[in-house]
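Asks: One predicted model, sequence on top.
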Amino acid sequence: MSRWPYPRIVAHRGGGTLAPENTLGAIRLGASMGFKGIEIDVMLAGDGVPVLIHDRTLERTTGARGAVSATPYARLAHLDAGAWHGARWRGERIPRFEDAARLCHVLGLWANVEIKPAHGFERRTGEAVARMAAELWHGAAHPPVLSSFSPVALAAAREAAPRLPRGLLLTRLPPHWGEMLRDLECVALHANYRMLKARVVHEAHAAGCAVVAWTVNDRRPAKRLLGLGVDCVITDRLDRIGPHFS
Ligand code: G3P
Ligand code: MG
């Protein structure tokens, strides 16, 4: 199998900055613009239901107060997660992970599922998200890649669903990043694009890992990265870096 049999250009949080992040509307928008892959953030609601949301608190994207990890899904389901982005998006909800996965199947989209645990919920979130992903993509030719900044969440994901591929997210490159990838048996390094130099890409590839760059919003760095051999670029600017960008 090739190192990265998944889409090369991926829409961040469903529809990047063109739609309210991590909503079904965003995923539909990404698909309507021709994207074949999306990245989504998944966190556990207070009652353990995996939902799509980036922040640990509700304020920025719903206007409500409180922590996601302290709010049951039944309450999250009523919040408006679209209005902050513009009137056109009013009525978008915080989707359950399973609803987003079903929509991906319907639209033929591949997913990079970022496990986004609230503090103290790393193990539980990694396990729950991986278990659910394994069920939702059972038998799929192209399963989701589960990524996380949390090695604890990734280790839990490996235990719960050993066959699902994993990617380690890093903002900075610690000297032992190669070891971390190996220990967690990751298929990919998901790196802040600013730290990706030829040497890093080469070393990741030599270790048998793909390289995913986030979050690239201009054409020039996107071109540079693809030129270095980066396998996947995640973008917020679907209008600048389209699905066929090369
Ligand atoms: O997965 C890439 C990127 O989404 C990681 O950062 O904070 O946007 O989830 P963040
Ligand atoms: Mg993310």
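Replies: On my side now, so go ahead. Ligands and ions are numbered 1, 2, ... in the order given.
Asks: And the lengthiest strand in the chain, what does it pack against?
Replies: Scanning the chain for the longest strand, with DSSP state E as the assignment, gives strand 37-44. Secondary-structure packing of strand 37-44 (3 or more CB pairs under 8 Å, 6 or more residues apart in numbering; DSSP states H and E): strand 9-11, helix 24-32, strand 50-52, helix 97-107, strand 110-115, helix 122-136. Any C-beta I mention is one placed from the backbone N, CA and C, and that applies to glycine too.
Asks: Now do the longest one and strand 110-115, the angle between them.
Replies: To tie it back to what came earlier, the one meant is helix 122-136. Counting by axes from the mean of the first three to the mean of the last three CA atoms, to 10 degrees, helix 122-136 points 160 degrees away from the direction of strand 110-115.
Asks: what residues does whichever helix or strand comes after helix 122-136 touch?
Replies: Beyond helix 122-136 in the direction of the C-terminus, DSSP states H and E gives the next helix or strand as strand 145-148. Contacts to strand 145-148, defined as CB atoms under 8 Å, 6 or more residues apart in numbering, come from residues 6, 112-117, 126, 129-130, 133, 154, 157, 161, 164-169, 187-188, 190, 212.
Asks: For strand 145-148, output the C-alpha coordinates as PDB.
Replies: This file holds the C-alpha atoms of strand 145-148, laid out as PDB (Å, rounded to 0.1, in the frame of the first residue of the first chain):
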ATOM      1  CA  VAL A 145      -6.800   8.300  10.200                       C
ATOM      2  CA  LEU A 146      -7.200   9.100  13.900                       C
ATOM      3  CA  SER A 147      -4.900  11.900  15.000                       C
ATOM      4  CA  SER A 148      -4.300  13.600  18.300                       C
END
